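Asks: Take a look and give me a structure for this.
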Amino acid sequence: MNIGIAAAIGYGILTLVGGIAGYLKAKSQASLISGVVSGLLLIFAGTAQLMGQSWGLTLAAVISAVLVIVFILRLVKTKKFMPAGMLILASLASLGAIVYEISAP
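Replies: From the prediction side, this is the model:
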């Protein structure tokens, strides 16, 4: 397993758990739906790449990039670092590892 696959699956798990936690803490159905959907898609993308599908990390990169944008918009709107700012950093770290793996020869 390479760093890109690990990042996609790990970030997928973090996103999934975060969506559930957001629902339990704030009763936010939007957090639950977006966290579960994006988390499962990231896990699926990482698993697909692990199984030899060359599009897996590309899908994971797109999802991570979209999440960076979503969390930036949320940070601008709420002006609170937690959780949006922390999730921007996690998204960027995941995206960096995925893009590094995609571009590696």
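Asks: Tell me which stretches of the protein form strands.
Replies: Read by DSSP state E, the chain holds no strands at all.
Asks: what about the helices in it?
Replies: Per DSSP state H, the chain carries helices over the ranges 3-26, 29-50, 56-78, 86-103.
Asks: Make JSON lines from the ones you listed and add mean neighbour count and mean pLDDT to it.
Replies: Placement of C-beta: from N, CA and C, glycine included. Below are those laid out as JSON lines (neighbours: other CB atoms under 10 Å; pLDDT from 0 to 100):
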{"stretch": "helix 3-26", "mean neighbour count": "19", "mean pLDDT": "96"}
{"stretch": "helix 29-50", "mean neighbour count": "18", "mean pLDDT": "97"}
{"stretch": "helix 56-78", "mean neighbour count": "18", "mean pLDDT": "97"}
{"stretch": "helix 86-103", "mean neighbour count": "18", "mean pLDDT": "96"}
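Asks: which ones are touching Ile102?
Replies: 4, 57-58, 61 (CB atoms under 8 Å, 6 or more residues apart in numbering).
Asks: Over to Leu67?
Replies: Counting by CB under 8 Å, 6+ apart, Leu67 touches 15, 38, 87, 91.
Asks: do that again at 6 Å, thanks
Replies: Neighbouring residues of Leu67 by CB atoms under 6 Å, 6 or more residues apart in numbering: Ser91.
Asks: what does Trp55 give?
Replies: Applying CB under 6 Å, 6+ apart, no residues contact Trp55.
Asks: Gly46 now?
Replies: 5, 8-9, 60.
Asks: same deal with Val99?
Replies: Residues in contact with Val99 (CB under 6 Å, 6+ apart) are Ala61.
Asks: gap between it and Asn2?
Replies: To Asn2, Val99 is 13 Å away according to CB to CB, to the nearest Å.
Asks: CSV for the contacts of Gly46, including distance to Ile20?
Replies: Listed next are the contacts of Gly46 as CSV, based on distance: CB to CB, whole Å:
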residue, distance to Ile20
Ile5, 23
Ala8, 19
Ile9, 17
Ala60, 20
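Asks: and which of those is nearest to Ala30?
Replies: For the contacts of Gly46, the minimum distance to Ala30 (CB to CB) is 22.0 Å, reached by Ala60.
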